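J.: My questions are about this predicted structure, shown below with the sequence.
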Amino acid sequence: MSSVSTPQYLIGNAPRTKALSLNNPGTRNIDSGVRRTFPIHERLTFVFEADCLNTTNHVTFSGPNVSWSQGSTSFGTVGGIANSPRDFQFAGHINF
C-alpha cells in the first residue's frame with residue numbers, strides 16, 4: 001500500500017510538463033531569395049530582389065489543445081496552423 005496520495009486537482013500521476021517526453025510535431029520552413037544587379041550607367045545600378053517565404057508551402061499544425069475542463073470536447077484536438085502560407089516579396093533598388 002502506497003502512502004503517497006494524488007491531490008484532488010491532478011489527473012493521474014503524469015508529470016505536469018512534457019508528459020512521457022511527448023513533443024509537438026517538428027517544423028519545416030524553407031525561405032529562398034534571388035538577387036540580380038543590372039548596370040545602368042558608370043556608377044548607377046539597378047538591383048532586383050525576389051524573396052519567397054515558406055517556399056515548399058508545407059503546413060505546420062499547431063500543438064494540440066491541452067486545456068482540460070469537465071465536459072469539454074476540445075481536449076487533444078488541433079485547432080490551427082503554426083506557420084503562414086507561401087508569400088512572395090519583390091523589391092527594386094537603384095544604387096548610385
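T.: Right, received. Where do you want to start?

J.: all strands of this structure, in order?
T.: In the chain, the strands defined using DSSP state E lie at 32-39, 45-53, 87-95.

J.: Of these, which stretch is the most buried?
T.: Each of the strands of the chain was scored by mean neighbour count; the highest is strand 45-53, a mean of 14, by mean count of other Cβ atoms under 10 Å. All C-beta atoms are positioned from the backbone trio N, CA, C, and that covers glycine.

J.: So which elements touch that one?
T.: Helices and strands touching strand 45-53, by 3 or more Cβ pairs under 8 Å, 6 or more residues apart in numbering; DSSP states H and E, are strand 32-39, strand 87-95.

J.: Adjacent strands (with direction) for it?
T.: Strand pairing for strand 45-53, using DSSP bridges, gives strand 32-39 (antiparallel), strand 87-95 (antiparallel).

J.: ok so, going back, as a markdown table, the helices and strands packed on strand 45-53 with mean pLDDT and distance to Thr55 would be great.
T.: Converted to a markdown table, the helices and strands packed on strand 45-53 look like this (pLDDT from 0 to 100; distance: least, Cβ to Cβ, whole Å):
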| stretch | mean pLDDT | distance to Thr55 |
| --- | --- | --- |
| strand 32-39 | 97 | 5 |
| strand 87-95 | 97 | 10 |
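
J.: and of those strands, who's closest to Thr73?
T.: Among the helices and strands packed on strand 45-53, the nearest to Thr73 by Cβ to Cβ is strand 87-95 (34.2 Å).

J.: quick one: contacts of the closest one?
T.: Contacts with strand 87-95, where a contact means Cβ atoms under 8 Å, 6 or more residues apart in numbering, come from 40, 44-54.

J.: before we move on, back to that, with distance to Ser69 as extra columns, can I get the strands of the chain in CSV?
T.: Listed next are the strands of the chain as CSV, based on distance: least, Cβ to Cβ, whole Å:
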stretch, distance to Ser69
strand 32-39, 43
strand 45-53, 37
strand 87-95, 37
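
J.: Perfect, that will be all.
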